[in-house]
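Q: turn this into a structure:
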Amino acid sequence: MNLSTPIEKIPRIGPQYQKRLKRLGIKKIEDLIYHFPHRYEDFSNLIPIAKAEVGGPFSFQGEILEVKNIRTFRKRMMITQAVLEDETGKLKAVWFNQPYLIKTFKKGDYVCLAGKVVKKDSSKYLSNPAYEKLSHELGIKNYELTHTGRLIPVYPETEGLSSRWLRFIVKPVLQKLKNQMLDPLPETIIKENNFPPLQEAIWQIHFPDSLNEAKKAKERFAFEELFILSLFILRERLKLVREKAIVISINLDLIKKFVKSLPFKLTDAQKKSAWQILKDLSKPRPMNRLLEGDVGSGKTVVAAMAALNVAGAGYQVAFMAPTEILAKQHYKTLNYALKEFNLNIGLITGKENYLKKKKVKREELLEKVREGKVNILIGTHAIIQDSLGSEKKNAGVKFNRLALVIIDEQHRFGVEQRARLCQDREVRSTKYEETKKSSKLQTLNFKLRTIPHLLSMTATPIPRTLSLTIYGDLDLSIIDELPKDRKKIITKIVQPKNKKEYYDFIRQQIKEGRQAFVICPRIEPAKISSEILGEQKSQRALSWLEVKAVKEEYQKLSKEIFPDLKVAMLHGKMKTEEKEKIMKNFKNRKIDVLVSTSVVEVGVDIPNAAVMVIEGSEKFGLAQLHQFRGRVGRSQYQSYCFLFTDTPGLTINRRLRALISCENGFELAEKDLQIRGPGDFSGLRQWGMPDLAMASLADTFLVAKTREAAKKILEEDPELKKYPLLKKRLEKFQERIHLE
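A: You can find the predicted model right below:
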């Protein structure tokens, strides 16, 4: 057995448990060992029975004198009772609805029980204690115990996989393999930060001797993950510095003509961002820029300006969107914005393909792209997948003179991915020559491989700490002001008792010619298995019972609340054509109320929609709620966002109230980071980063510290030749992260 051994080969892990482990992303032993606890139960107070007091938790070791099951007819509940005895006295233990324990305990067994002592009438007993059978008589030491008598790790779980079972599996694996683990952190970093060595830290994070030891181990692993992330980001930047890009000079006359053709005035933030992008495009190094702007701030216009400048220089642009609906919307927007410039703009989707606003066959469009006759090609990420994956000579998207890739609402697109777009392709370009006397751009007569420039766009404002870390290889352009004519969206929290009043208000808005969105967090009514509702009564599972399903909500609104209005339903399980038809009808005002899941979160533009209702609003994060709110308020009409909630509480109110007090997405992003942590920003969960590292991303000091350490290492050894273990660890991280 070693760290790469698949979990299938670990003793006592059958097929069912293998499936459950894989749901948690655990496929091999290393994944299991790095599945860290998120908290600890303190069962370390091991005392004699005579000293038992009400409260706790306490741990007791003793002999089982008797064990029996009792059925209570009034509550129809099965109670398991046992009596524990040590040298100082006896104590009753009681478990509810766990009748199988009668087979676990036998008279004469030596056990350790841990839990809270409660008092009923005049007798004290242990309520629902954790338990552990001892292999010999009394006197077993804390460190030999696994589930009681010490600090007990509590892990992130999944249905049918408890922390108790994980402890049972992890401990023997750790005992066997911890000495095989080699420390990737350079010795200088370990000494400077007074970190425990890897073998000690890995044991202490799972089975700590004290909370202080667990804290030191967590600090070490949080540093390690952020350090590796910083190394990855900084090396990406270094790779780009070595690459060549096509120089696209700024065509001021073209840009001025474009700005003049717009039916509105650009904001100062749009002008500044556009200038930063155009300046980057004029350099012989690949641009790597993130355009970050609030919902409705006008990022697409800035991207259109960059695309026009590239197309005007005779090169091609790939414009990618996360969904077909959004790709089609960008196609319409760019055709409208660039109508005066005689460009060939193409759209490629799964079923429909367009060029110059006309439907064309896929083969014809692909041929025009190969010949360089399509200036801007818009589509989903299929553009890239086709281009990278096709082996047939004329299959897939092949660009002739690709100079710019624009990605909307996507996570990462690395140097290798961009390089492969141009592999075995020669493009006429320019060379940047630098001598001791001067530096100049010289046009070359030979051809040279280049890397396309990259512009990423996001409408999810990212807190500074996160952008410094996650997007440290990207330059940042921020559009932090909205168009001047936008009215503030009135946002309110609505309790269940007040819903009728707000439904009446929505009906009035629709009579005045407006439309409304109703967002629900889930498609089907939640099906909760008896396994979930059994012993542990998972709070997460129970909370889903209250979630409004889209289908249920649609039935209620169309038949009971608004039977006189045109109500439609939209969700991700529908076919693309069906979704598009509904969105088209909604845009053309054939639908009054659209009940939907979060498929409308990104990019859907319905200027006439003035009301956004979010059912179960407490189920969403602030960033997502802000995205939903941004679907309204896109015209001259006053707009409203109503946050319907069924479970008011301190955290919920804190989050929802933040949405009322903050209009600015950047402010909200900082608040969301404080309240929920960074896991939901920028698709970070898809990177496979541990919760420990993600929680640490909120720590500005630690982020800066790891970044400096990574910088220092790369300055002295860019290829990490002196640090083979660190290099290997970095390669594993690169395999794991999400790169589109």
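Q: how near is K265 to G665?
A: 22 Å (Cβ to Cβ, to the nearest Å). The way it works is simple: take the backbone N, C-alpha and C, and place the C-beta from them, glycine included.
Q: same question for A403.
A: Distance from A403 to G665, by Cβ to Cβ: 31 Å.
Q: can you pull out the strands in the stretch 251-400 of the chain?
A: In the stretch 251-400 of the chain, the strands defined using DSSP state E, counting those that start in this stretch lie at 288-293, 316-320, 345-348, 353-355, 358-359, 376-379.
Q: mean confidence score for the third one?
A: In this model, strand 345-348 has a mean pLDDT of 94.
Q: give the pairing partners of it; include direction for each.
A: When pairing is defined by DSSP bridges, strand 345-348 lines up against strand 353-355 (antiparallel), strand 376-379 (parallel).
Q: let me have those in CSV, adding mean pLDDT as columns.
A: Putting the strands paired with strand 345-348 into CSV (pLDDT from 0 to 100) gives the following:
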stretch, mean pLDDT
strand 353-355, 90
strand 376-379, 94
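Q: out of those strands, deepest packed?
A: The highest mean neighbour count among the strands paired with strand 345-348, using mean count of other Cβ atoms under 10 Å, belongs to strand 376-379: a mean of 26.
Q: quick check: can you list the domain ranges of the chain?
A: For the chain, automatic domain parsing gives the domain ranges 1-34+162-181, 40-154, 245-479, 490-662.
Q: pretty sure I79 is in a strand, no?
A: Yes. Counting by DSSP: H, G, I helix; E, B strand; the rest coil, I79 is located in a strand.
Q: state the distance from it to L113.
A: On the measure of Cβ to Cβ, I79 and L113 end up 16 Å apart.
Q: with neighbour numbers in mind, choose between these two.
A: Counted by other Cβ atoms under 10 Å, I79 and L113 do not tie: L113 has more neighbours, with 23 against 16.
Q: mind checking how far that one is from T80?
A: Counting by Cβ to Cβ - L113 and T80 are separated by 12 Å.
Q: next one: K244
A: Distance, K244 to T80, using Cβ to Cβ: 73 Å.
Q: and R237, what does it touch?
A: 288, 472-473 (Cβ atoms under 8 Å, 6 or more residues apart in numbering).
Q: how about a cut-off of 7 Å?
A: If you count contacts by Cβ atoms under 7 Å, 6 or more residues apart in numbering, R237 has them with D473.
Q: ok, now E324?
A: Counted by Cβ under 7 Å, 6+ apart, E324 has contacts 349-350, 380, 576.
Q: can you give me the strands for the stretch 551-700 of the chain?
A: Using DSSP E, counting those that start in this stretch, the strands of the stretch 551-700 of the chain run over residues 567-570, 593-596, 609-614, 640-644.
Q: buried ones in the third one?
A: By neighbour count with 16 or more other Cβ atoms under 10 Å, strand 609-614 contains the buried residues 609-614.
Q: how close does P172 sit to E8?
A: Distance from P172 to E8, by Cβ to Cβ: 17 Å.
Q: now L166
A: Separation of L166 from E8 (Cβ to Cβ) stands at 17 Å.
Q: higher neighbour count, the two?
A: Between L166 and E8, counting by other Cβ under 10 Å, L166 is the more crowded of the two (23 against 12).
Q: my guess is that one meets Y155, correct?
A: Yes. Between L166 and Y155 there is a contact under Cβ atoms under 7 Å: 4.8 Å.
Q: which residues touch stretch 575-594?
A: 324-325, 350, 510, 515-518, 557, 562, 565-568, 570, 604, 606, 608.
Q: which of these fall in helices?
A: Using DSSP state H, 324-325, 510 are the members of the contacts of stretch 575-594 that sit in helices.
Q: out of those residues, which one has the weakest pLDDT?
A: Within those, lowest confidence goes to I325 (79).
Q: so how many other residues sit close to it?
A: A total of 21 residues lie near I325 under the criterion other Cβ under 10 Å.
Q: then V111?
A: So V111, with other Cβ under 10 Å, has 20 neighbours.
Q: tell me what the helix or strand harbouring it is packed against?
A: V111 is part of strand 110-120 when elements are defined by DSSP states H and E. Judged by 3 or more Cβ pairs under 7 Å, 6 or more residues apart in numbering; DSSP states H and E, the packing partners of strand 110-120 are strand 55-72, strand 123-133.
Q: go again using 10 Å as the cut-off
A: Contact analysis of strand 110-120 by 3 or more Cβ pairs under 10 Å, 6 or more residues apart in numbering; DSSP states H and E lists strand 39-42, strand 55-72, strand 77-86, strand 89-96, strand 123-133 as its packing neighbours.
Q: could you check which of K265 and G665 has the larger neighbour count?
A: Remark: of K265 and G665, G665 carries more neighbours, 26 against 11, as counted by other Cβ under 10 Å.
Q: ok, that one touching G293?
A: Yes. With contact defined as Cβ atoms under 10 Å, G665 reaches G293; the gap is 8.4 Å.
Q: give the residues shared as contacts by these two.
A: Common neighbours of G665 and G293 (criterion: Cβ atoms under 10 Å, 6 or more residues apart in numbering): 459-461, 480, 482.
Q: identify the farthest-apart pair in these.
A: T460 and L482 (15.7 Å; Cβ to Cβ).
Q: for the stretch 301-450 of the chain, give me the ranges with low pLDDT.
A: 384-395, 410-449 (pLDDT under 70).
Q: please enumerate the helices of it.
A: Remark: helices assigned in the stretch 301-450 of the chain by DSSP state H, counting those that start in this stretch are 324-337, 362-370, 382-389, 415-421.
Q: fine by me, we can end here.
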